[in-house]
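**Student:** here is a sequence with its predicted model. Questions after.
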Amino acid sequence: KVTGPFILTTWNFGPGANDKGWPILATGGSALDAVEKAINHVELLPDEYWVGYGGVPNEVGETTLDATILWGPTHDWGGVGCLKRVKRAISVARKVMEETQHTLIVGDDATRFAARMGFSETSLTNVRSQTRWEEWAAKGEPSDAFAAEPFQEDNLRGHDTVGSIAVDADGNLSVGCSTNGREFKIPGRVGDSPIPGAGAYGDQEIGGAVATGNGDVMMRFLPCYHVVELMRQGMPPDLACQAALKRITDRGYRFGGGIAAIGVDGQHGGAQTGWDDAGFSYSVRDASGHSKVWVSTEPA
Ligand code: SD4
């Protein structure tokens with residue numbers, strides 16, 4: 001049974017993001033608008049090092065963005081990968097979805113597409129991201145993404161991808177996520193976040209899931225698709241998230257990652273691995289108010 005409206009957003013900026021999305025939902029607006037505005041809020045925060053403006057630079061000091069968005073009723077997706085010099089990646093992703101037949105546009109061509117859609121080009125670097133990069137570059141080492149595989153360590157130093165899932169008063173679902181990905185990544189690297197099923201997934205009939213963490217590992221397993229399919233079979237969201245992460249750890253991967261999921265019935269849950277110390281959280285806003293959930297469960 002669909003019990004919207006509600007909005008779920010990952011991490012500590014979740015409540016602030018939900019506060020941007022909730023008024024849209026509470027006044028009969030669409031889940032798509034709510035997810036876009038919630039994520040825009042995080043993308044524009046200058047101190048948020050992992051999303052949007054001021055975010056983690058790549059190996060040559062440039063910040064590039066990945067994002068995707070779903071509109072549940074039509075199962076239409078739009079995404080950008082390695083987007084440069086445009087702050088609101090989720091809004092460009094929405095243009096890909098609404099204005100084109102494509103699902104993913106990448107790199108400089110994504111920037112040119114954004115310009116065509118009326119977005120202005122601007123530097124994504126601020127003092128903090130520039131300083132972090134200069135300190136790292138002074139060591140003269142290549143990106144740690146050149147390290148030998150398989151990944152046995154969590155070499156994603158930090159985390160904070162924003163993922164939002166909303167259901168509106170009409171029962172329609174939207175899911176989105178936006179990130180800078182990975183610090184000092186090799187130029188051109190695209191992570192899990194703009195890939196449907198990897199960084200985010202949703203099904204209008206079932207609900208949605210959003211992932212954060214080491215996308216280089218997680219995208220190999222389409223964990224968000226996995227979660228939604230398990231929920232389709234009746235598994236509660238927390239157990240579904242645990243099972244999707246277990247599929248990855250069972251293959252020997254040791255990494256940092258978290259997934260949060262919510263059904264169209266409003267039941268939500270999450271799981272994480274490798275983040276016992278730092279923890280992983282998500283927040284939900286609905287008519288009854290806010291709730292914040294700390295996820296400590298490792299996959300069994
Ligand atoms: C990525 N999954 O590009 C993203 C990074 C992330 O919290 O989630 N950080 O790999």
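**Tutor:** Sure, I can see it. Residues are numbered from 1 along each chain as shown.
**Student:** pick out the residue of the stretch 51-200 of the chain closest to the ligand.
**Tutor:** Gly191 (2.4 Å; C-beta to the nearest ligand atom). In short, each C-beta sits where N, CA and C put it, glycine included.
**Student:** number of nearby residues for that residue?
**Tutor:** By other C-beta atoms under 10 Å, the residues close to Gly191 number 25.
**Student:** contacting residues around it?
**Tutor:** The contact partners of Gly191, by C-beta atoms under 8 Å, 6 or more residues apart in numbering, come to 66, 179, 181-182, 199, 215-216, 219.
**Student:** setting the sequence-adjacent residues aside, check what's closest to Lys37.
**Tutor:** Nearest in space to Lys37, with sequence neighbours left out and distances taken as C-beta to C-beta, 6 or more residues apart in numbering, is Lys20 at 4.6 Å.
**Student:** how about the residues of the stretch 51-200 of the chain near the ligand?
**Tutor:** Residues of the stretch 51-200 of the chain that fall close to the ligand, judged by C-beta under 6 Å from any ligand atom: 66, 159-161, 179, 181-182, 191-193, 199.
**Student:** would you mind giving those as JSON lines with pLDDT added?
**Tutor:** As requested, these are exported to JSON lines (pLDDT from 0 to 100):
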{"residue": "Asp66", "pLDDT": "97"}
{"residue": "His159", "pLDDT": "62"}
{"residue": "Asp160", "pLDDT": "77"}
{"residue": "Thr161", "pLDDT": "90"}
{"residue": "Thr179", "pLDDT": "95"}
{"residue": "Gly181", "pLDDT": "89"}
{"residue": "Arg182", "pLDDT": "88"}
{"residue": "Gly191", "pLDDT": "96"}
{"residue": "Asp192", "pLDDT": "97"}
{"residue": "Ser193", "pLDDT": "97"}
{"residue": "Gly199", "pLDDT": "98"}
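**Student:** among those residues, which lie within strands?
**Tutor:** Residues of these located in strands (DSSP state E): 66, 179.
**Student:** who's the spatially most central residue of the chain bridged to?
**Tutor:** The centroid of the chain falls nearest to Cys177 when counting by C-alpha atoms, centre = their mean (3.1 Å). For Cys177, the beta-bridge partners are Thr68, Gly163 (DSSP bridges).
**Student:** show the pLDDT at it.
**Tutor:** Note on Cys177: pLDDT of 97.
**Student:** leaving out chain neighbours, which residue sits closest to the residue of the stretch 1-150 of the chain found nearest the ligand?
**Tutor:** In the stretch 1-150 of the chain, the residue that lies nearest the ligand is Trp50 (5.3 Å; C-beta to the nearest ligand atom). In this structure, Trp50 finds its nearest non-sequential neighbour in Asp160, 3.5 Å apart by C-beta to C-beta, 6+ apart.
**Student:** my read is that the one you found contacts Trp11, right?
**Tutor:** Yes: assessed by C-beta atoms under 8 Å, Asp160 is found in contact with Trp11 at 5.3 Å.
**Student:** shared neighbours of these two, anything?
**Tutor:** Here Asp160 and Trp11 have Thr212 as joint contacts, going by C-beta under 8 Å, 6+ apart.
**Student:** the more surrounded of those two?
**Tutor:** Between Asp160 and Trp11, counted using other C-beta under 10 Å, the more crowded position is Trp11 (23 against 19).
**Student:** please enumerate residues in contact with stretch 108-122?
**Tutor:** Residues from elsewhere that reach stretch 108-122 (C-beta under 8 Å, 6+ apart): 80-88, 91-92, 95-96, 99, 105.
**Student:** most surrounded residue in these?
**Tutor:** Val80 (34 neighbours).
**Student:** now do the helices in the stretch 1-150 of the chain.
**Tutor:** 14-26, 31-43, 89-99, 107-116, 127-137 (DSSP state H, counting those that start in this stretch).
**Student:** still on that earlier bit, now the residues of the stretch 51-200 of the chain next to the ligand as TSV including distance to Asp238?
**Tutor:** As requested, those are arranged in TSV below (distance: C-beta to C-beta, whole Å):
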residue	distance to Asp238
Asp66	26
His159	19
Asp160	21
Thr161	20
Thr179	23
Gly181	26
Arg182	27
Gly191	24
Asp192	21
Ser193	22
Gly199	19
